[in-house]
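Student: After the sequence you'll find the predicted model.
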Amino acid sequence: MANSFPKIILLPGKERSVLFRHPWLFSGAVKEIKGNPGEGDSVDVYSAGGEYLATGHYHDGSIKVRMYSFSQTDGSRAFWKEKLSSALDLRKKLGLYPNPDCNMFRLVHGEGDGFPGLIIDVYGTCAVMQAHSVGMLRELNKI
């Protein structure tokens with residue numbers, strides 16, 4: 001899937017945590033930044049050998065990228081809708097929804113559901129969203 005996201009190139013040997021799907025990329029693993037990403041912008045992460053690894057939100061700090069996908073994506077509304085549907089499907093399998101004995105549950109729990117920095121709690125028919133990163137704040141209109 002083609003996109004025009006800036007690219008983060010890792011130092012040789014620093015792709016291991018990303019390959020194991022750790023949701024954070026630390027600044028010490030970065031060799032080069034191609035493009036000029038701003039705080040919260042989507043970026044693609046590549047190994048030193050040029051292999052695509054993940055897509056996430058860029059941050060200017062010790063956690064350089066918070067990954068939201070380990071498959072190439074354009075970050076479209078359809079992409080986020082599919083991730084949200086997966087989170088709901090998991091809650092259904094866990095028996096949290098629908099459940100006549102409980103009408104409150106956490107629909108999205110940040111990195112655990114692939115939404116780094118986002119919490120969505122459901123209270124009856126109301127969903128409360130909390131964005132704890134600039135990247136997720138920018139995605140709210142798609143979600």
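Tutor: Yes, it's here.

Student: tell me the contacts of residue 132?
Tutor: 110, 117-119 (C-beta atoms under 8 Å, 6 or more residues apart in numbering). For every residue, glycine as well, the C-beta is placed using N, CA and C.

Student: what about residue 62, distance to residue 114?
Tutor: Separation of residue 62 from residue 114 (C-beta to C-beta, to the nearest Å): 21 Å.

Student: If you count surrounding residues, which of the two has more?
Tutor: residue 114 (20 against 9; other C-beta atoms under 10 Å).

Student: so what are the domain limits for this protein?
Tutor: 7-69, 77-139 (automatic domain parsing).

Student: deepest of those domains, which one?
Tutor: Per-stretch averages of neighbours, counted by mean count of other C-beta atoms under 10 Å, single out domain 7-69 among the domains of the chain, with a mean of 17.

Student: ranges for the strands of the chain?
Tutor: 7-10, 24-26, 30-34, 42-46, 52-58, 63-69, 104-109, 118-123, 126-131 (DSSP state E).

Student: check contacts around residue 72.
Tutor: Here residue 72 is in contact with 1, 3, 44, 52, 55 (C-beta under 8 Å, 6+ apart).

Student: nope, residue 64 is what I meant
Tutor: 8, 25-27, 29-30, 58.
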